[in-house]
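>>> model the structure of this input:
(chains A and B, ligands or ions: 2)
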Amino acid sequence: MKKNMGWRELGQGDSLPAGTAAEFQTGDWRRERPIFNKENCIQCYFCWIYCPDAAIILDENKKVAGIDYRYCKGCGICDRECPTKKEKRAIIMKEEKK
Amino acid sequence: MPTLAKTGNEAMAEAMRQINPDVVAAYPITPATEIVMIFSQFVADGLVDTEYVAVESEHSAMSACVGAAAAGCRVMTGTSSQGLQLMSEILPIASALRLPIVMCDVNRALSGPINIHCDHSDTMAVRDFGWLQIFSENAQEAYDNVLQMMRISENKEIQLPGMVTTDGFIISHCMERVETIDDAAAKQYVGAYQPLKSVLDLDNPITLGSLDLQDYYFEHKMPIVEAMQKAKNVILEVGRDFGQKFGREYGLVETYKLDDAEIAMVALGSTCGTARVIIDELRAQGVKVGLLKIRVFRPFPAEAIVAALKNVQAAAIMDRSDMYSDQGGQVFCEIRSALYDADKKPLLANYVYGLGGREICLEDIRRICADTQANAAAGKVKQLIQHYGVRE
Ligand code: SF4
Ligand code: SF4
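Numbers count the residues shown, from 1 in each chain, chains lettered A, B, ... in the order given. Ligands and ions are numbered 1, 2, ... in the order given. Predicted coordinates:
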């Protein structure tokens, strides 16, 4: 979408095209970053279902393949929901170093 | 055209039946209860195709209306007083999303103290929410206004929700002669609804009601400003067309014996009927008095009011509600402001009257007209704002 449009250029009321949230990269809010560890992942898709921002990347075979840091805001829900055991974690949260 | 004996509530419900909206979501409240009760009977009897949503509060009623209208349905509801206030949070959302929902609203007092009778406090309290507002003088107008409001709200240029009001009990519960339009003619008049948008249109997906902060919120309010400006002409066109088709023409305001009047009364709703009687009586005595009825309060017909009052020496502005601002009622404030730039304007006095259903009788109108005559003769206003009919 064009930036800083005048009101006459806008649609009716506050109706907008669908899917504009994709343009809003929420990743820069992140304090902690989930680190994905493929060897430990059991492909249960919990993280993919629970992630509030569609930041879990699936590969061409629809397997969990990593985190999309453009959108991941570091909420830690994936880490909390990931059922892997303590010693073999598939997701670990790490503090962001700026 | 069938001529029927109907209460204001029955007349509004009848218009709703003929409109046959896709969705009605409502929660009953005195004295508007009957409108949705009668309508729910129409639903039960299979006389309409409407999806009737019985909700648990007015807040939910208006929320359901917004959802249904956003999905592209023709939507109606009815309420009054506290119910209208409970809808308050959602009312500006309906206008911001440009959803042409039509509401039958029965004017009555706000608690507290607890009261069920007529005044205009409820409707005036929601006057700044981007809803069109039309006041009715009697049951006939209530019926006609509901049909017209559907056309005005759904007009492509307008797309704003609108409320048609009657005065609680005085109109809502009194039986009058009402000329209705044949079902087929009414249906044709209102026309099939063609929504400009629908959140359920999967081929043209849209987002409605998204977060809108410093960068765009202001821009998104401007279409309402523009639609309200344009609504004045649309209301006039719709009113003229209604007159041509059914013999009863409507404008933004209505004047009664005002053309050569030296003094005038300005009022909304049922009080206009009472005023006409006294105006006839005073005219027979040679007093040049007339009435200016404000039919449309939102948008506010400032230009029409200035034009109608330009040759009047003194006017009494009747407000059936107070703003508690020490500046009189809402009608008074708007008219005083509209007249500020006028070259020729009358002396104005404000009468806040009839709160909580306190009667306004012929004698009261007679007295207010006498006051107004005295103001005109003296060339100045004796008392700018008075709470008329209250016991000291
Ligand atoms: S931290 Fe939150 S936003 Fe980021 S991938 Fe995990 S669930 Fe999604
Ligand atoms: S929740 Fe954990 S184990 Fe399950 S798919 Fe996601 S990363 Fe893999």
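>>> only C-alpha atoms for contact and neighbour calcs from this point on.
Noted.
>>> which element is B:E157 on?
Using DSSP states H and E, B:E157 falls within no helix or strand.
>>> do the same with B:E176
Assigned by DSSP H and E, B:E176 falls in strand B:175-179.
>>> partner strands of that strand, with direction?
Take DSSP bridges as the rule and strand B:175-179 pairs in its sheet with strand B:3-7 (antiparallel).
>>> just to revisit the earlier point, what pLDDT, on average, does the strand holding B:E176 get?
Mean per-residue pLDDT for strand B:175-179: 97.
>>> buried ones in it?
By neighbour count on 16 or more other C-alpha atoms under 10 Å in any protein chain shown, the buried set for strand B:175-179 is B:M175, B:E176, B:V178, B:E179.
>>> same thing with stretch B:41-57?
If you call a residue buried by 16+ other C-alpha under 10 Å, then stretch B:41-57 has these buried ones: B:F42, B:V43, B:V48, B:T50, B:E51, B:Y52, B:V53, B:A54, B:V55, B:S57.
>>> now stretch A:28-47
Buried-residue list, stretch A:28-47, by 16+ other C-alpha under 10 Å: A:R30, A:E32, A:R33, A:P34, A:F36, A:C41, A:Y45, A:F46, A:C47.
>>> which is the next helix or strand following the strand or helix carrying B:I35?
Using DSSP H and E, B:I35 sits in helix B:33-44. As assigned by DSSP H and E, the chain's next helix or strand after helix B:33-44 is strand B:51-54.
>>> thinking again about what came up before, which of the buried residues of stretch A:28-47 fall within strands?
Among these, the members falling in strands (DSSP state E) are A:E32, A:R33, A:P34, A:F36.
>>> surely the first one meets A:G74?
This means A:E32. Yes - counting by C-alpha atoms under 8 Å, A:E32 touches A:G74, with 5.1 Å between them.
>>> and which of the buried residues of stretch A:28-47 is nearest to B:L339?
Proximity to B:L339 was ranked across the buried residues of stretch A:28-47 by C-alpha to C-alpha; first place goes to A:R30, at 57.1 Å.
>>> now for the closest one: which residues touch it?
With contact set as C-alpha atoms under 8 Å, 6 or more residues apart in numbering or on different chains, A:R30 has these partners: A:C72, A:K73, A:G74, A:C75, A:E96.
>>> tell me who's in contact with the second one.
Contacts here follow C-alpha under 8 Å, 6+ apart; on that basis A:K73 touches A:T26, A:G27, A:D28, A:W29, A:R30, A:R31, A:R33, A:D53.
>>> ok, now B:V190?
Here B:V190 is in contact with B:I19, B:L147, B:Q148, B:M150, B:R151 (criterion: C-alpha under 8 Å, 6+ apart).
>>> from chain B, which residue is nearest to ligand 1?
B:L211 (19.2 Å; C-alpha to the nearest ligand atom).
>>> report pLDDT for that residue.
Per-residue pLDDT puts B:L211 at 85.
>>> quick check: it is in a helix.
No - with DSSP: H, G, I helix; E, B strand; the rest coil as the criterion, B:L211 is coil rather than part of a helix.
>>> how long is stretch A:78-90 from one end to the other?
Its start and end residues considered, stretch A:78-90 measures 10 Å (C-alpha to C-alpha, to the nearest Å).
>>> check what contacts stretch B:322-334 and list those residues.
B:121, B:124, B:300, B:302, B:317-321, B:350-352, B:385-386.
>>> average pLDDT for that stretch, rounded please.
98.
>>> distance from the chain centre to that stretch, please.
Chain-centre distance of stretch B:322-334: 18 Å, with C-alpha atoms, centre = their mean, to the nearest Å.
>>> would you mark the buried spots in that stretch?
Here stretch B:322-334 shows B:D322, B:M323, B:G328, B:G329, B:Q330, B:V331, B:F332 as buried, counting by 16+ other C-alpha under 10 Å.
>>> ok, stretch B:56-67 next?
So for stretch B:56-67, counting by 16+ other C-alpha under 10 Å, buried means B:S57, B:E58, B:H59, B:S60, B:A61, B:M62, B:S63, B:A64, B:C65, B:V66, B:G67.
>>> any part of that stretch near chain A?
No - judged by C-alpha under 8 Å from any C-alpha of the partner chain, stretch B:56-67 makes no contact with chain A; its nearest approach is 13.3 Å.
>>> could you find the closest non-adjacent residue to residue 39?
As the question left the chain open, I've gone with chain A. Spatial nearest neighbour of A:E39, excluding adjacent residues (C-alpha to C-alpha, 6 or more residues apart in numbering or on different chains): A:A90 at 7.4 Å.
>>> um, chain B though
Nearest residue to B:F39 in three dimensions, chain neighbours excluded: B:A13, at 5.7 Å (C-alpha to C-alpha, 6+ apart).
>>> and chain A, which residues reach ligand 1?
A:34, A:51-53, A:55-56, A:67, A:72-78 (C-alpha under 6 Å from any ligand atom).
>>> among those, which lie within strands?
A:P34, A:I56, A:I67.
>>> need those in CSV with distance to B:V238, can you?
Listed next are those as CSV, based on distance: C-alpha to C-alpha, whole Å:
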residue, distance to B:V238
A:P34, 61
A:I56, 55
A:I67, 58
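>>> closest one of those to B:L196?
Nearest to B:L196 among those: A:I56, at 36.2 Å, using C-alpha to C-alpha.
>>> can you get me a residue count around that closest one?
Counted with other C-alpha atoms under 10 Å in any protein chain shown, the neighbours of A:I56 add up to 23.
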